[in-house]
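**Student:** Quick one, what's the 3D model for this:
(one chain, ligands or ions: 1)
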Amino acid sequence: MNELILVLDFGGEYKELIARSVRGHSVYSEIRQGGISASEVKRLSPIGIILTGGPSSVYSPDSPRCDKELFSLGIPVLGICYGMQMMCQMLGGEVRRGERGEYGVVSAELSTGSALFKGIPKNSAVLMSHTDRVNKLPDGFAAIGKTDTCENAACENAGAKLYGVQFHPETGHTEHGREAIKNFLYNICGASGDYKLDDYIDKQINSIRQKVNGEKVLLALSGGVDSAVCAALLSKAIPGQLTCIFVDHGFMRQNEGDEIEAVFSKRKLRFIRVNAKDRFLSKIKGVSDPESKRKIIGGEFIRVFEEESAKLKNIPFLAQGTIYPDIVESGGKHGATIKSHHNVGGLPKNLAFTGVIEPLSSLFKDEVRVLGKKLGLPQTLVNRQPFPGPGLAIRVMGEVTAEKLEILRGADAILREELDGMKRKPDQYFTVLTDTRTVGVKGDDRTYDSVIAVRAVLTGDFMTCDYAPLPHKILGRISSRITSEMPSVSRVVYDITSKPPATVEWE
Ligand code: XMP
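**Tutor:** Next comes the predicted model:
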């Protein structure tokens with residue numbers, strides 16, 4: 001068992017960032033509901049607890065609270081933003097609404113004599129995002145940080161190992177936030193840093209072997225990072241017992257299906273590629289509504305998977321590439337939730353399997369990528385950008401045909417060739433075949449042809465994004481290559497919309 005830091009969730013948007021930054025310091029972390037009981041915490045025996053921020057005000061009657069007993073277990077606690085306010089109020093301090101809120105990066109003066117800020121410059125920039133503030137500290141607490149508008153920007157009761165910060169050390173905007181978290185883990189919680197991904201592989205291999213006990217396992221490969229890493233791990237753990245079904249719906253990008261086949265047919269597993277291109281195309285013939293296309297493709301994916309898995313006998317286990325954020329976001333009980341959103345559609349719960357294996361369910365995406373590299377998967381697969389389950393079918397606007405898919409594939413390949421090598425690449429980029437035709441001129445001929453839209457975005461979480469300010473020179477080259485290499489494209493446009501109000505995908 002690794003040493004554990006519990007991150008207790010009070011609704012803050014940064015809970016995953018906190019848990020990930022703890023793991024970045026080689027300490028294992030898990031996110032739990034803020035209201036978890038002290039007895040459950042004792043059972044889990046963490047070396048430290050972090051209380052997240054959240055949107056509530058401590059003085060509103062229905063604001064979330066932790067179990068007060070947590071503060072007297074002798075386990076170090078770090079309250080962040082709302083977490084600090086709640087801790088201070090519950091221990092007899094006072095929280096007030098400030099005259100003005102404090103939002104953005106501000107300069108703070110920190111007491112470097114505190115174990116929390118050891119080795120950090122006295123004056124440093126911190127990210128603030130609050131209106132309420134701790135007005136009066138509880139007995140036994142002292143201020144260890146202040147800003148121009150916030151007297152108690154950080155506090156401690158070192159004897160009781162209770163610490164609070166009004167700012168957000170987990171974000172990159174807080175200059176020395178990483179060090180403050182590291183100090184909490186190593187100086188205050190006494191962590192030894194025993195969480196390593198190398199050990200993770202060995203531990204999982206053992207636990208998969210134990211659970212499977214010589215039986216067979218089936219996995220639906222989508223070509224995405226999670227299912228690919230899951231397959232690589234399983235093929236190492238139980239070579240000869242794993243069957244992977246890759247349903248090629250025909251909406252993958254250029255050569256993508258073949259690349260997936262090339263990677264996995266080399267591994268010790270049984271790889272079944274179902275070429276269902278025509279079946280999927282005929283199902284969405286004449287359909288132009290985006291939601292209908294998604295639903296039809298998702299439903300058809302399930303039917304193909306069911307048909308194929310029914311042909312296989314004696315496979316009691318289903319493996320899924322569920323990752324930790326899937327579990328946290330679905331609000332499910334830890335470890336007990338079966339992923340309901342699959343890459344395509346969602347596999348139904350009534351498939352005839354006696355057990356489900358989810359070997360990545362405690363990992364964040366970046367950890368899954370690291371694991372994939374350690375397991376020898378190629379960079380192209382491990383660093384793959386997000387790709388929607390319905391694939392290019394929702395990047396061809398309106399009705400999808402084989403001809404339109406070919407145009408889009410060609411344009412998309414050109415875009416990727418131009419951007420893949422960039423030093424600071426956008427986080428996601430692709431082309432869309434619009435359903436508009438425009439007049440053009442090629443040689444002496446007047447044309448009336450397709451419009452390709454280029455989408456390239458900067459984002460961390462894909463919940464919001466900015467369009468990428470690609471250099472005009474590169475945009476010009478992309479445009480001239482697409483229009484000259486793709487005979488049926490007469491125009492290329494660049495999407496300069498952020499999300500919101502637009503989404504990343506066009507459909
Ligand atoms: P939107 O268009 O909602 O996309 O702003 C946000 C991110 O999600 C990806 N995306 C999908 N991923 N199945 C997926 O696995 C889907 O149906 C799907 N639709 C959108 C999109 O590419 C972007 O990264």
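
**Student:** Next one: residue 222 relative to residue 428, how far apart?
**Tutor:** 17 Å (C-beta to C-beta, to the nearest Å). Backbone N, C-alpha and C define where each C-beta goes, glycine included.

**Student:** Settle it for me: which of those two has more neighbours?
**Tutor:** Neighbour count, other C-beta atoms under 10 Å: between residue 222 and residue 428, residue 222 has more, with 22 against 18.

**Student:** Skip the chain neighbours and tell me the closest residue to residue 196.
**Tutor:** In space, and not counting its chain neighbours, residue 196 is closest to residue 26: 6.5 Å by C-beta to C-beta, 6 or more residues apart in numbering.

**Student:** quick one: contacts for the one you found?
**Tutor:** 191, 193, 194, 195, 196 (C-beta atoms under 8 Å, 6 or more residues apart in numbering).

**Student:** Hmm, residue 24 and the second one touching each other?
**Tutor:** No - Residue 193 sits out of contact with residue 24 when judged by C-beta atoms under 8 Å, with a separation of 10.9 Å.

**Student:** Report the rounded mean pLDDT for the lengthiest helix in the chain.
**Tutor:** Criterion DSSP state H: the longest helix present in the chain is helix 290-311. What helix 290-311 shows for mean pLDDT is 93.

**Student:** What of stretch 2-20?
**Tutor:** Mean predicted confidence for stretch 2-20 is 94.

**Student:** end to end, how far does that stretch reach?
**Tutor:** In terms of C-alpha to C-alpha, to the nearest Å, the two terminal residues of stretch 2-20 are separated by 15 Å.

**Student:** Please point out which parts of that stretch sit buried.
**Tutor:** 2-10, 12, 14-20 (16 or more other C-beta atoms under 10 Å).

**Student:** ok, and of the residues you listed, which contact the ligand?
**Tutor:** For the ligand, no contacts are drawn from the buried residues of stretch 2-20 by C-beta under 6 Å from any ligand atom.

**Student:** In helices, which of those appear?
**Tutor:** 15, 16, 17, 18, 19, 20.

**Student:** now, which of those residues sits nearest the ligand?
**Tutor:** Checking those against the ligand by C-beta to the nearest ligand atom gives residue 16 as the nearest, at 16.0 Å.

**Student:** how about the closest one, what does it touch?
**Tutor:** Counted by C-beta under 8 Å, 6+ apart, residue 16 has contacts 31, 325, 328, 364.

**Student:** separation between it and residue 463?
**Tutor:** To residue 463, residue 16 is 11 Å away according to C-beta to C-beta.

**Student:** Kindly report the same for residue 296.
**Tutor:** 26 Å.

**Student:** More neighbours: the two, which one.
**Tutor:** For residue 296 versus residue 463, the count of surrounding residues by other C-beta under 10 Å is larger for residue 296: 18 against 10.

**Student:** residue contacts, residue 493?
**Tutor:** Shown in contact with residue 493 (C-beta under 8 Å, 6+ apart): 434, 451, 452, 453, 454.

**Student:** Am I right that it is in a strand?
**Tutor:** Yes - under DSSP: H, G, I helix; E, B strand; the rest coil, residue 493 falls within a strand.

**Student:** State the pLDDT value of it.
**Tutor:** Listed pLDDT for residue 493 reads 98.

**Student:** So what pairs up with it in the strands?
**Tutor:** For residue 493, the beta-bridge partners under DSSP bridges are residue 453.

**Student:** thinking again about what came up before, look at the residue nearest to residue 196 and tell me its secondary structure.
**Tutor:** At residue 26 the chain is in coil, as set by three-state DSSP.

**Student:** For it, what are phi and psi?
**Tutor:** phi 70, psi 30 (degrees, to the nearest 10).

**Student:** separation between residue 284 and residue 53?
**Tutor:** Using C-beta to C-beta, residue 284 is found at 44 Å from residue 53.

**Student:** Specify which residue of those two has the higher count of neighbours.
**Tutor:** Ranked by neighbour count (other C-beta under 10 Å), residue 284 and residue 53 place residue 53 first, with 28 against 22.

**Student:** Surely that one and residue 8 touch.
**Tutor:** No - under the criterion of C-beta under 8 Å, residue 53 makes no contact with residue 8, lying 11.2 Å away.

**Student:** okay, and the common contacts of these two?
**Tutor:** residue 83.

**Student:** What is the neighbour count of the closest residue to residue 492 other than its chain neighbours?
**Tutor:** Excluding the flanking residues, the one nearest residue 492 by C-beta to C-beta, 6+ apart is residue 479, at 4.0 Å. Neighbourhood size, residue 479 [other C-beta under 10 Å]: 18.

**Student:** Check the gap between residue 479 and residue 168 for me.
**Tutor:** Applying C-beta to C-beta to residue 479 and residue 168 gives a distance of 41 Å.

**Student:** ok, residue 193 and residue 24, which is more surrounded?
**Tutor:** Comparing residue 193 with residue 24 by neighbour count (other C-beta under 10 Å), the higher total belongs to residue 24, at 16 against 13.

**Student:** Which residues are in contact with that one?
**Tutor:** Neighbouring residues of residue 24 by C-beta under 8 Å, 6+ apart: residue 178.

**Student:** For it, give me the pLDDT.
**Tutor:** pLDDT, residue 24: 94.

**Student:** try residue 97
**Tutor:** The model's pLDDT for residue 97 equals 86.

**Student:** Check residue 328 too.
**Tutor:** 81.

**Student:** Check residue 149 too.
**Tutor:** Confidence at residue 149, expressed as pLDDT, is 87.

**Student:** what bridges to residue 318?
**Tutor:** With DSSP bridges as the criterion, residue 318 is bridged to residue 218, residue 356.
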